[in-house]
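Asks: For reference, the sequence and a predicted model appear below.
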Amino acid sequence: MTPKIIAALSLLLLASCATIAPPAKTGSVDHVVLVWLKSPGSEKDRKALLAQGNDLRAIPGIHFLDSGTALPSERPTVDDSFDIAYVMRFESPAALEAYAVHPIHVKAKDTLLALSRKVLVYDIRSNTK
């Protein structure tokens, strides 16, 4: 290989290693919802709630939404006892407030509460600069 090719490949490799996740916009809000089902292990209930998560994507102001199940862990600081989690990012606290009263969310929340024995919610404001 010529020195120019080696240099080009080295730059490409270094550039891919230097890639970092972009920071959240200052003032955005991450909304984390952890759910414990009334019927733990119920595939029907799990699928229903995960599908509802997809419906929430239509609500304005949501920049990111993902849902899934707990990843089993042996680490003592990891709580993997929940059945389902939703992780969302809103553009602002106002967008989170609008989401809370949006008809799609209200309907989803009714179903969520009917199928859940416990729900924990964490809202985190980004201070990234």
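Replies: Perfect, thanks for sending it.

Asks: Glu91: neighbouring residues, count only.
Replies: In terms of burial, Glu91 registers 15 neighbours under the definition other C-beta atoms under 10 Å. The C-beta positions use only the backbone N, C-alpha and C, and glycine is treated the same way.

Asks: wait, doesn't it sit right on Ser28?
Replies: Yes: at 5.8 Å, Glu91 and Ser28 qualify as touching, with contact defined as C-beta atoms under 8 Å.

Asks: Quick check: neighbours shared by those two?
Replies: Applying C-beta atoms under 8 Å, 6 or more residues apart in numbering, one finds that Glu91 and Ser28 are jointly contacted by His63.

Asks: pLDDT weak spots in the chain?
Replies: 1-23, 128-129 (pLDDT under 70).

Asks: How is Pro51 assigned, secondary-structure-wise?
Replies: Actually, residue 51 is Ala. It isn't Pro. Secondary structure assignment for Ala51 (DSSP: H, G, I helix; E, B strand; the rest coil): helix.

Asks: Before I go, just wanted to say thanks for your time.
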